[in-house]
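I would like the atomic coordinates for the input below:
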Amino acid sequence: MYEITLEGVFSAAHAISVRGVREPLHGHDWRVTVTVTGPGLDSDGLLCDFHALEEVLRGVIDPLKDRNLLDAELLRGMNPTAENVAKRIAEEVDLRARPMLGPIGARVARVRVTEAVGCSAAYEPGAGQV
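Next comes the predicted model:
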């Protein structure tokens, strides 16, 4: 199995609800780490072109930059927790990257978001499903 990882960064604010209580609005420099895995390489010896995957990731996170995540289309109707941010980014990157990943059997295996040093959440699409 091969694996590649890339990172993106965006600044955004959020205020999550915990047990029905909304915390104060505050900002983070969110670091997003996307991991793609697959069993083989393409004819160029690549699991995936880093530049193409970076373009996909930019397309997903650029609309989040300098925004209140409560107002972000990607998270519409969701509590903007780090867990939900990781899940929605993973789902959207997977959807947009599938045309280039699918033919060689690669997939988005994990997205980790770090909202502060030592505080991160990850989502693994398909993990735990039978």
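
neighbouring contacts of the longest helix along the chain?
Using DSSP state H, we find that the single longest helix of the chain is helix 82-101. Residues from elsewhere that reach helix 82-101 (CB atoms under 8 Å, 6 or more residues apart in numbering): 30, 32, 34, 36, 38, 48-49, 52-53, 56-57, 59-61, 69, 74-75, 78, 107-108, 110-113, 115, 119-125. Bear in mind the C-beta positions are built from the backbone N, C-alpha and C, glycine included.

Contacts only, for Y2.
The contact partners of Y2, by CB under 8 Å, 6+ apart, come to T37, G38, P39, G40, L41, L47, A106.

what kind of secondary structure is the first one in?
Which is T37. Classification of T37 into helix, strand or coil gives strand, according to DSSP: H, G, I helix; E, B strand; the rest coil.

Give me the pLDDT value at it.
pLDDT for T37: 96.

is it true that it touches A106?
Yes - counting by CB atoms under 8 Å, T37 touches A106, with 6.6 Å between them.

got any residues that touch both of those two?
Y2, L47.

Setting aside sequence-adjacent positions, which residue approaches the residue nearest to the spatial centre of the chain most closely?
Central residue of the chain (CA atoms, centre = their mean): I89, 3.3 Å from the mean position. Leaving aside its sequence neighbours, I89 sits nearest to V111 (CB to CB, 6 or more residues apart in numbering; 5.1 Å).

what helix or strand is that neighbour on?
strand 107-116 (DSSP states H and E).

Now do the buried residues in that strand.
Under the neighbour-count criterion of 16 or more other CB atoms under 10 Å, strand 107-116 has R107, V108, A109, R110, V111, R112, V113, T114, E115 buried.
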